[in-house]
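1. Give the three-dimensional model of this entry:
(chains A, B, C and D)
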There are 4 protein chains.
Amino acid sequence: MECGDPVEQVAIRPGMSVNELVVQLSRAGAYNGGALGRAADICERMLRDPEVTKFFGLAGAMVPAGMGAIVSDLIAAGHIDILVSTGANLTHDIIEALGCRHYHGSAVCSDTDLRDEEINRIYDVFLPSDAFIVFEEFIQESLSLLDPGATYPICELLSLLGRRLGRGILATAAQNGVPVFCPAVADSMIGLQCWLYSQTGKISVDAFLDMKALLDICFSAKRAGALLVGGGVPKNFIFQGMLMTPNGFSYAVQLTGDRPDLGGLSGATLDEARSWGKVSKEAAAVTVYGDATITLPVLVAAVMERMAK
Amino acid sequence: MECGDPVEQVAIRPGMSVNELVVQLSRAGAYNGGALGRAADICERMLRDPEVTKFFGLAGAMVPAGMGAIVSDLIAAGHIDILVSTGANLTHDIIEALGCRHYHGSAVCSDTDLRDEEINRIYDVFLPSDAFIVFEEFIQESLSLLDPGATYPICELLSLLGRRLGRGILATAAQNGVPVFCPAVADSMIGLQCWLYSQTGKISVDAFLDMKALLDICFSAKRAGALLVGGGVPKNFIFQGMLMTPNGFSYAVQLTGDRPDLGGLSGATLDEARSWGKVSKEAAAVTVYGDATITLPVLVAAVMERMAK
Amino acid sequence: MECGDPVEQVAIRPGMSVNELVVQLSRAGAYNGGALGRAADICERMLRDPEVTKFFGLAGAMVPAGMGAIVSDLIAAGHIDILVSTGANLTHDIIEALGCRHYHGSAVCSDTDLRDEEINRIYDVFLPSDAFIVFEEFIQESLSLLDPGATYPICELLSLLGRRLGRGILATAAQNGVPVFCPAVADSMIGLQCWLYSQTGKISVDAFLDMKALLDICFSAKRAGALLVGGGVPKNFIFQGMLMTPNGFSYAVQLTGDRPDLGGLSGATLDEARSWGKVSKEAAAVTVYGDATITLPVLVAAVMERMAK
Amino acid sequence: MECGDPVEQVAIRPGMSVNELVVQLSRAGAYNGGALGRAADICERMLRDPEVTKFFGLAGAMVPAGMGAIVSDLIAAGHIDILVSTGANLTHDIIEALGCRHYHGSAVCSDTDLRDEEINRIYDVFLPSDAFIVFEEFIQESLSLLDPGATYPICELLSLLGRRLGRGILATAAQNGVPVFCPAVADSMIGLQCWLYSQTGKISVDAFLDMKALLDICFSAKRAGALLVGGGVPKNFIFQGMLMTPNGFSYAVQLTGDRPDLGGLSGATLDEARSWGKVSKEAAAVTVYGDATITLPVLVAAVMERMAK
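-> Reported below is the predicted structural model:
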């Protein structure tokens, strides 16, 4: 047990850049502020490593909170090789890509009144139900383009949707050839639309075909890195891919609002992941606990500033 | 704005039953203790309603924590009509059903040492890697019994596994004809085993076929109730089923360790679900925030005591 | 690194006693359920140790939530030797002892409407402002009984109040000669009333005199044990007393809703307290994370059942 | 119920300033990121209001985490009129001012080993016990300068300490005539030192004298604003001061890692404070939930950038 560097008191300078502040947090080095500083260091190393395959996990209601453009910009800049998302984030991404909007609302309100006015609430974000009519039209039309005789992996279904959109996560991924995995797609409005389509049409999507694509990527990766926003299915799906390979992840950063002592994967530390071999014993890895609507933009702004130098 | 009943101070009596304590918490009526009291009332009403279809959502690492038998006992007693689970809980259920065990461990330890000793950690629970060898053998043998020319819904795959096991959640569900849904099964060791099998054999599992079965249940339900442990995919999948029907859930109890202000579904209040129509405007619904390894056993013990009268 | 006992699946039996359930949680042994089981074991050992001095720390808004009677019952049964409380809990204890009540309310409401109706809110508990008129009268009358020429330690001021009340924590402590410490009493309605009194009368209460009384207790204790509800000033004040003695606490149980990674004392683990010598290296100590309106009644019911045998 | 502005997707630009990022979070407007944006707006308005008296509450282990210089810099810039702190933050401030340091450590370690090496742990910060020897010498010498016949309010004791230090929070406050209140000073190493001094010397510090000074300030304030880091005694002490005046706070920003549903004051919303009249019905007020080692530096950097324009 030894003391490391001294804690430096954080000095604020008016007009300082985000990375200048994050460097200060690194020098302070304590609690989640210190962890955020280390996360920026690990992300920078990961992005500068020419031999790393970069995974991004997207859970939580990030797109309704305005965090979707960070993801699509990272894809466009070549900083994400494989995206794994919840179905909800992709649903809201499609809604925004189709020109519908989410709105500032309030978390303290009458939800029965909202129901009467056909406004759906996501904490303090409001989404009028109209958006789902536009969404339905788009998905139904898209599904009608599928070959009714073929069996699709989920990622190809998502790629089809992305090619038919002009902007957003799915569109940018499709434009850049970045595969988007969503193992629980059935558990989303996209899934409900597929069920609706299957009432009259024919659609065959295999639950396991994606795993072959994912595992081929895992086996061919020289080194692997992961940036995980939230936990859930994306975190586990990214990690389990590397379980089958001899090596775990070499770089891993997790931004989560959960806590470890409840035992769930979403709040589990990345050290725990070392015991399973998901993260390698020597990996650079850190968890930042907090709301990703704060930690993700700060982290990405700091790392982008470093990469621009 | 009006004051309700007065807060009664909780009186502890040595030897009191769990339900006697929960009744005291109801009379105190405050914070999560009060919510737990209301949850017991709602569960009791739900179980006494002869026309209700009862859903159970199982997320979080509950089986490794010894909470699996509560679920299988509820199934055996007829208190669960439809189970929706994460893949991880089913994986650990199979491991226990095959005679392998989870062990008391520690959350403060060297995970690299654990890796060397091939022990996997889930917070303070240890699981030796040996278990996965037994697990693999079981799953591979099970998959070889599938008709290679047929396409299966996920719930049928799980039903097959359950029929080949002697105890646990999947076994009890199979014995009682309770369907088990697991939309994200690909995101679990079961999914990895299916991929492994597909390297040499043929397996076809459709990602969306389950939804037809689920929605048929939703449409035929006179009333619906849900007990949700954790959030994640099970919570959303259960709720979205009712989205397509004219009515939302009439009874809903949620036990979660998350928090609402991060925007994610797992911590979202059930009031929020009313705005979407997932929970009906008049539904009896309550969220208890806390560790389900405490709240679930206390809730179930209290409700079972009431039902035994 | 070694595996301990196997995780036993929790078995619920209708009508089981609280302690029977807590024993089940011990055998499961995981997460906060397991911690609660260990907490019961430690409390039992502490109460059965004839040479231990027993401290109780009371933070959080416990009295408005109906948890005050648990504390006064523990005092009456001889299970608390020294109580350290926040000023708020004592304020609400006096209010209840004077016959005013807290009421069931709602956490989702208009606080400006409540303001207009002179109802004060504590999460989902309502307290009409009338209570503070009764409270003011009682405190002002009590203070007029003080010797204007004397300087009092805070605990004597509180003892005076207790002797003038018929029930509740302060009254029971006074009846049983249990000292009540409240280092931050200025930071409460009691403090405000003392200021009000000092506008026309004379009152002299020393900020540090209590420490002599506390430290005399600490130095004379053969062994010391602590049950801490919440963190805050009570936790630190109890722990710092033992800092000056050669030994730290031998038994320590903490029930807190905070989390360790924010660095604050309230969420800090009891292991952290070992590094300071507040808790001895060999002490039996455990933290249960969760809402104390659930964990405190369950813990006390289980331990009282054991003590009654 | 109406929708507000649309959620704008956050756009990251390499080299962007902290305030540019916070403005983006405002435009996204969701969850705690949106709350942080509103907090910056409220702080800016508060600092630009020439008639506001500005309170600052400091709880949590902020100085050991390198957040102390932010507070002293705010004092030096005239942005804090009254500081209310926990005793622990002032203890660590004195330690740093005396030239001792806190060090980067680890939260996963053997606390019994740390005990043997005389290193005290605060989550992942290490503080060698040596520092307390230097601290003791300073405090004992300082106390010997007090007039043994006089009775001091706590804030005068702290002012004396500040005048004898060259830097840090207490020193800067003393230099700028900013009163520092610490109602629970007995509950800290400063309190322990006062007790030690009283074993041989004479010291008289009144528990309630500060309240007169505080309430005079409250009564003379035209308008009042508060920035609260953490909850605890500082939050309540600041709020209760205004309880006695006809008006509550007009501006209030709270950065806390707690949660409201546990009922404790530290996690309580500022809306709840409106019901008590602590915060006025029309006040601009917002709570940002998260680790203050992230939210405080981001907030202050953003606001200082605006004030520099």
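2. contacts, neighbours, all on C-alpha from now
-> Will do.
3. ok, A:Leu227 touching A:Thr256?
-> No - under the criterion of CA atoms under 8 Å, A:Leu227 makes no contact with A:Thr256, lying 11.0 Å away.
4. Find residues that contact each of these two.
-> The overlap between the contact sets of A:Leu227 and A:Thr256 (CA atoms under 8 Å, 6 or more residues apart in numbering or on different chains) is empty.
5. which parts of the stretch 201-309 of chain A sit against chain B?
-> For the stretch 201-309 of chain A, the residues in contact with chain B (CA under 8 Å from any CA of the partner chain) are A:204-209, A:211-212, A:232-233, A:236-237, A:240, A:257-258, A:260-265, A:268, A:271-277, A:281, A:291-292.
6. mind running it again at 7 Å?
-> Counting by CA under 7 Å from any CA of the partner chain, the stretch 201-309 of chain A comes close to chain B at A:204-208, A:211-212, A:232-233, A:236-237, A:257-258, A:260-264, A:271-272, A:274-277, A:281, A:291.
7. what subset of these is also close to chain C?
-> Restricting these to those touching chain C (CA under 7 Å from any CA) yields A:Asp261, A:Leu262, A:Gly263.
8. show me what contacts the second one?
-> Meaning A:Leu262. By CA atoms under 7 Å, 6 or more residues apart in numbering or on different chains, A:Leu262 lies in contact with B:Gly257, B:Asp291, C:Tyr31, C:Asn32.
9. Dump the ones next to chain C among the residues of the stretch 201-309 of chain A next to chain B to CSV, plus secondary structure.
-> As requested, these are exported to CSV (DSSP: H, G, I helix; E, B strand; the rest coil):
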residue, secondary structure
A:Asp261, helix
A:Leu262, helix
A:Gly263, coil
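10. out of the residues you listed, who's nearest A:Ser250?
-> Nearest to A:Ser250, judged by CA to CA, of these is A:Gly263 at 23.7 Å.
11. Kindly list the main-chain dihedrals of the residue in the stretch 101-250 of chain A that chain D sits nearest to?
-> Using CA to the nearest CA, A:Tyr103 is the residue of the stretch 101-250 of chain A that sits closest to chain D, at 4.1 Å. Backbone geometry at A:Tyr103, expressed as degrees, to the nearest 10, gives phi -130, psi 150.
12. With adjacent residues omitted, what lies nearest to it?
-> Spatial nearest neighbour of A:Tyr103, excluding adjacent residues (CA to CA, 6 or more residues apart in numbering or on different chains): D:Pro6 at 4.1 Å.
13. Could you do A:Leu160 as well?
-> Spatial nearest neighbour of A:Leu160, excluding adjacent residues (CA to CA, 6+ apart): A:Ser142 at 7.5 Å.
14. how far away is the one you found from C:Ser188?
-> 64 Å (CA to CA, to the nearest Å).
15. Tell me which of these two has more neighbours.
-> Using other CA atoms under 10 Å in any protein chain shown as the criterion, A:Ser142 and C:Ser188 rank with C:Ser188 on top: 21 against 14.
16. Report the contact partners of the more buried one.
-> By CA under 7 Å, 6+ apart, C:Ser188 lies in contact with C:Gly87, C:Ala88.
17. Pull the contacting residues for the residue of the stretch 101-250 of chain A found nearest chain C.
-> The stretch 101-250 of chain A approaches chain C most closely through A:Val108 (6.5 Å), counting by CA to the nearest CA. Contacts for A:Val108 were tallied using CA under 7 Å, 6+ apart; they are C:Val108.
18. Now do the buried residues in the biggest strand by length in chain A.
-> Determined from DSSP state E, the single longest strand within chain A is strand A:279-289. By neighbour count on 16 or more other CA atoms under 10 Å in any protein chain shown, the buried set for strand A:279-289 is A:Val279, A:Ser280, A:Lys281, A:Ala283, A:Ala284, A:Ala285, A:Val286, A:Thr287, A:Val288, A:Tyr289.
19. contact partners of it?
-> A:32, A:35-36, A:38-39, A:42, A:247-257, A:269-270, A:273-274, B:112.
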